[in-house]
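1. mind looking at a prediction? Sequence and model below.
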Amino acid sequence: MNWPAVRAIYLFEMARFWRTALQSIVAPVVATSLYFVVFGAAIGSRVTAVDGVAYGAFIVPGLMMLSLLTQSIANASFGIYFPRFAGTIYEILSAPVSPVEIVFGYVGAAASKSILIGLIILATAALFVPLHIEHPVMMVVFLLLTAVTFSLFGFVIGLWADGFERLQLIPLLVVTPLTFLGGSFYAIDMLPPFWRTVSLFNPVVYLISGFRWSFFGKGDVSLAVSLGMTLLFLVVCLAAVTWIFKTGYRLKS
């Protein structure tokens, strides 16, 4: 492993993150605060508790997961797409850097950014509602797995996209709706039986459920199923990235 090369890519991407701190950090924090104001005031006054958890605290894992998914995808997809757009991808491909090292650098930086934002959102949430994390180790596990998995997913999107508009296509039209409908702001058990069954086909349900379990010891599905689905999606993303580098798909276009 050429660690100096990985470190160079990683530091370059992190430097870009800090240059756009206002957009990268302040915007998610403001959005989270607005969610608490809107959902906490409008819905929290009517739904005082869900599964014995105060509604304001109940939505914290969902809000963190929403930001984690969108930020991981956005950071990784733009990070690899911009070198393709600017033509500097040829310099990376011709350098003595293996595909594994390229992925480590870009995905590692994207995951680090989204984890940092997730922790900032957690700190922001603690200003609005009292929080107690029952299983902090599992919370960190789900945080890391989700960040890495969706950074890999964003990396694939960045290689697939042939224009800036396509970078937003899947996050806006697929990932965000699935997150909102995946139990971010409600428990699946609150739905009618038909829609409860339909929701179980939404993969984000398992991510949010496992993450929420780490906070409160309660989830819509079992912890084992949530963890298994997260690992399955990680394997799928790794397989997709491996196939891309083996075939050269979109790397030079």
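-> Sure thing, it's come through. Numbers count the residues shown, from 1 in each chain.
2. so where's the chain uncertain?
-> 1-2, 40-48, 248-253 (pLDDT under 70).
3. okay, helices next: where are they in it?
-> Assigned by DSSP state H, the helices in the chain fall at 3-19, 21, 27-35, 55-58, 60-86, 89-94, 99-128, 136-160, 164-167, 169-170, 176-180, 193-199, 203-216, 223-247.
4. output these in a markdown table; the columns should cover distance to Tyr186 and mean neighbour count.
-> To be clear about C-beta, it is placed using only N, CA and C from the backbone, and glycine gets the same treatment. As requested, the helices of the chain are arranged in a markdown table below (distance: least, Cβ to Cβ, whole Å; neighbours: other Cβ atoms under 10 Å):
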| stretch | distance to Tyr186 | mean neighbour count |
| --- | --- | --- |
| helix 3-19 | 32 | 15 |
| helix 21 | 33 | 10 |
| helix 27-35 | 13 | 16 |
| helix 55-58 | 9 | 21 |
| helix 60-86 | 9 | 24 |
| helix 89-94 | 43 | 14 |
| helix 99-128 | 17 | 20 |
| helix 136-160 | 19 | 22 |
| helix 164-167 | 30 | 14 |
| helix 169-170 | 24 | 16 |
| helix 176-180 | 10 | 17 |
| helix 193-199 | 10 | 12 |
| helix 203-216 | 10 | 24 |
| helix 223-247 | 17 | 15 |
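5. residue closest to the middle of the protein?
-> Leu69 (2.1 Å; Cα atoms, centre = their mean).
6. ok, back up a step: I'd like the helices of the chain as JSON lines, with distance to Ala187 appended.
-> Formatted as JSON lines, the helices of the chain follow (distance: least, Cβ to Cβ, whole Å):
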{"stretch": "helix 3-19", "distance to Ala187": "34"}
{"stretch": "helix 21", "distance to Ala187": "35"}
{"stretch": "helix 27-35", "distance to Ala187": "17"}
{"stretch": "helix 55-58", "distance to Ala187": "8"}
{"stretch": "helix 60-86", "distance to Ala187": "10"}
{"stretch": "helix 89-94", "distance to Ala187": "45"}
{"stretch": "helix 99-128", "distance to Ala187": "18"}
{"stretch": "helix 136-160", "distance to Ala187": "18"}
{"stretch": "helix 164-167", "distance to Ala187": "33"}
{"stretch": "helix 169-170", "distance to Ala187": "27"}
{"stretch": "helix 176-180", "distance to Ala187": "14"}
{"stretch": "helix 193-199", "distance to Ala187": "10"}
{"stretch": "helix 203-216", "distance to Ala187": "9"}
{"stretch": "helix 223-247", "distance to Ala187": "14"}
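7. doesn't Phe211 make contact with Pro61?
-> Yes: assessed by Cβ atoms under 8 Å, Pro61 is found in contact with Phe211 at 4.6 Å.
8. returning to what we had before: quick one: closest of the helices of the chain to Ala49.
-> With Cβ to Cβ as the criterion, Ala49 lies closest to helix 55-58 of the helices of the chain, at 6.3 Å.
9. circling back: and the spatially closest residue to the residue nearest to the centre of the chain that is not a sequence neighbour, how far from Thr179?
-> Spatial nearest neighbour of Leu69, excluding adjacent residues (Cβ to Cβ, 6 or more residues apart in numbering): Phe150 at 5.2 Å. The span separating Phe150 from Thr179 equals 11 Å under the rule Cβ to Cβ, to the nearest Å.
10. likewise for Gly118?
-> For Gly118, the distance to Thr179 - Cβ to Cβ - is 14 Å.
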